[in-house]
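Trainee: I'll drop the sequence and a predicted model, then ask my questions.
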Amino acid sequence: MNKQISSTPAHESSIVPLDILILAAGLGTRMRSRTAKVLHKLGGRPLIAHACHTATALSPRRIYVVVGHQAEMVEQSVREEPSMSENAVSFIKQEEQRGTGDAVSAARRELQDANSTLLILSGDVPLVRAETLGALVHQHRTHRGHGAACTILTVRLEDPTGYGRIIRDEENRFLKIVEQKDATPEERQVNEINAGIYCFETRALFPALAQVEPLNAQGEYYLTDVPGILRAEGEDVGIYLHADAREVSGINTRVELAEFEAIVRRRTVRRLMLDGGVTFIDPSHTYVDTEAQIGRDTIIHPDVHVEGNSVIGDDCEIHAGTRITNSRIGSGVTIKDHCVIVDSEIADGCAVGPFAHLRMNAQMDERAVIGNFVEMKKSRLGRGSKSMHLTYLGDATIGDKTNIGAGTITCNYDGVNKHATIIEDNVKIGSDTMLVAPVRVGKNSVTAAGSVVTKDVPPNTLVAGVPAQVKKQLTNQESEKQESEVRSQKSE
Ligand code: UD1
Ligand code: CA
């Protein structure tokens, strides 16, 4: 679903390849977090993944990511971003965070001889569109017919506080960038700001970068000094003034993160309604991660969370307060209120809840039913089988058309190891049965209410008691009849 944006103008032969450098080494002090800013999540994905995803849409020759704080985790987040898989990516370690100029210098060895157009992005700007970046690159390469040495993406802000200001000369051409902390009161009046997104010709960038010194209020190497140096040397520095300030703004605080989260959430839900044919009873109180997929005519009630790469089929109804994480739900499934479904799979026509918990690869086959206060872990419930009330199914494999009575527990843990329970097809497990694993209940068998099953039950057998003893062999008809007898002792 990666839109390919052409960033190459018609006279292709004369232009150099496009590389992209993403700055992501900073901690992000204003987040007041122990976690690096680019690892904070937006729409369920780390900020750095958003920046990388957008970068891939420009089909660059190579993407470079400058990492520092929690470098390993940032690298992992980049590698886990699905769109990165077909893209060439290199990581560059900035050992000490001495400013954005220093961050770019860290890539000197890899890039100084690259002879490329280098698009520089920040890892904390997640909403910028590939179309906008493509237009920036295009303007940069066609500037005055021959291309610029540098082009800066700028926006005008009502309140430019905190940003680097764009200072223009009398002819309204670029002169320099002045950071907030170094700006005179007059310069602070300027409301055109540097968005932190630039194009450079690498042949011009690195010689100018070598001249940058940390002689400023923050004692940092500013990348923002480079365009001024290039201009002073007579190079062409262009400005790409963009209209949508929101789109290119970075996240610096958790307040901004929450604002962006609301924007992303609205977009996702809107896309699912307009393109996906999904009904949201209350869109502003529904939380769907950007990667999640939901099918047509599915109805999502308030306070539902659909997280990670979950997939929900057509014609489902997901009731209030349910969380679905990294799970696959088939079509025609009803999930009643307040269920938690994590890393699990539910086939077509199933029903779940209310108050059910499925986790660690719980699997329900077609038309299986899980009722209230049932927990399923690493277990499979066969086609048309039911477990309606107050039950724990752990490490259990349950066949088709089997009924698990209220209060059944698979005693799967002996304090050291977990053991498996196997219940075959057409079994009736009576209410309050304890299945002490490892144990197998053969097909068509019945356990009476309150049985503690410690030994395997052969097929077509009724067991009862503590510990459960064989009471009789069952013919097929008896198995049916027995069911009705047992039913009088068990709740449905
Ligand atoms: C920067 C610009 C400012 C611009 C603003 C736009 C500079 C000096 N200032 O300020 O003109 O208006 O972005 O949002 O560039 N980083 C590193 N290593 C470092 C320092 C930063 O990798 O040593 C990374 C950060 O992780 C971040 C990006 O560079 O992704 C920007 O750094 P940040 O500290 O947020 O810059 P601002 O102060 O916002
Ligand atoms: Ca920033």
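Mentor: Here it is on my side, so go on. Ligands and ions are numbered 1, 2, ... in the order given.

Trainee: quick one: the strands in the stretch 151-300 of the chain, in order.
Mentor: Along the stretch 151-300 of the chain, the segments classed as strands by DSSP state E, counting those that start in this stretch run 165-168, 174-178, 192-201, 237-241, 279-280, 287-288, 293-294, 299-300.

Trainee: got these as TSV, with mean neighbour count and mean pLDDT columns?
Mentor: All C-beta atoms are positioned from the backbone trio N, CA, C, and that covers glycine. Compiled in TSV, these are given as follows (neighbours: other CB atoms under 10 Å; pLDDT from 0 to 100):
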stretch	mean neighbour count	mean pLDDT
strand 165-168	20	98
strand 174-178	21	98
strand 192-201	24	97
strand 237-241	20	98
strand 279-280	18	98
strand 287-288	22	97
strand 293-294	21	98
strand 299-300	22	98
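
Trainee: can you list those strands in TSV and add distance to ligand 1?
Mentor: Converted to TSV, the strands of the stretch 151-300 of the chain look like this (distance: least, CB to the nearest ligand atom, whole Å):
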stretch	distance to ligand 1
strand 165-168	8
strand 174-178	6
strand 192-201	3
strand 237-241	13
strand 279-280	33
strand 287-288	26
strand 293-294	30
strand 299-300	34
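
Trainee: contacts only, for the residue of the stretch 301-450 of the chain found nearest ligand 1.
Mentor: Of all residues in the stretch 301-450 of the chain, residue 308 sits closest to ligand 1, at 24.7 Å by CB to the nearest ligand atom. Counting by CB atoms under 8 Å, 6 or more residues apart in numbering, residue 308 touches 44, 289, 291-292, 325-326.

Trainee: closest one of those residues to residue 275?
Mentor: residue 292 (13.8 Å; CB to CB).

Trainee: pretty sure the closest one contacts residue 304?
Mentor: No. Contact between residue 292 and residue 304 fails when scored by CB atoms under 8 Å: they sit 10.9 Å apart.

Trainee: now do the SS call for the nearest residue to residue 46 once chain neighbours are set aside.
Mentor: Among residues not flanking residue 46 along the chain, residue 77 sits closest, at 4.3 Å (CB to CB, 6 or more residues apart in numbering). At residue 77, secondary structure determined by DSSP: H, G, I helix; E, B strand; the rest coil is helix.

Trainee: mind checking pLDDT for residue 77?
Mentor: Looking at residue 77, its pLDDT stands at 96.

Trainee: could you do residue 6 as well?
Mentor: 50.

Trainee: for residue 15, same thing?
Mentor: The model reports residue 15 with a pLDDT of 78.

Trainee: show me what from the stretch 151-300 of the chain comes close to ligand 1.
Mentor: Residues of the stretch 151-300 of the chain found near ligand 1 (CB under 6 Å from any ligand atom) are 163-164, 177, 179, 193-196, 222-224, 250.

Trainee: so where's the stretch 1-150 of the chain shaky on pLDDT?
Mentor: Applying pLDDT under 70 to the stretch 1-150 of the chain flags the ranges 1-14.

Trainee: residues of it that sit close to ligand 1?
Mentor: 23-26, 66, 68, 94, 97-100, 102-103, 122-124.

Trainee: among the residues you listed, which are in strands?
Mentor: Applying DSSP state E to those, the entries found in strands are 23-24, 66, 122.

Trainee: hmm, which two among the residues you listed are most spread apart?
Mentor: Going by CB to CB, the pair spanning these furthest: 66 and 122, at 10.2 Å.

Trainee: which neighbours do the two share?
Mentor: The overlap between the contact sets of residue 66 and residue 122 (CB under 8 Å, 6+ apart) consists of 22-24.

Trainee: from these, list just the buried residues.
Mentor: Buried members of the shared contacts of residue 66 and residue 122, counted by 16 or more other CB atoms under 10 Å: 22-24.

Trainee: quick one: which of the residues you listed is nearest ligand 1?
Mentor: Among these, residue 23 lies closest to ligand 1 (CB to the nearest ligand atom), at 3.5 Å.

Trainee: residue 90: how many residues sit nearby?
Mentor: Residue 90 is flanked by 14 other residues according to other CB atoms under 10 Å.

Trainee: quick one, helices of the protein?
Mentor: With DSSP state H, the ranges of helices along the chain come out as 47-56, 71-80, 100-105, 108-111, 130-142, 185-188, 202-209, 225-232, 245-248, 254-274, 476-487.

Trainee: indicate which one of these is closest to residue 157.
Mentor: Of the helices of the chain, nearest to residue 157 by CB to CB is helix 245-248, at 5.5 Å.

Trainee: okay, buried residues for the closest one please.
Mentor: Applying 16+ other CB under 10 Å to helix 245-248 flags 247-248 as buried.

Trainee: over to stretch 32-49?
Mentor: Buried residues in stretch 32-49, defined by neighbour count with 16+ other CB under 10 Å: 36-40, 42-49.

Trainee: next: stretch 415-432.
Mentor: 420-432.
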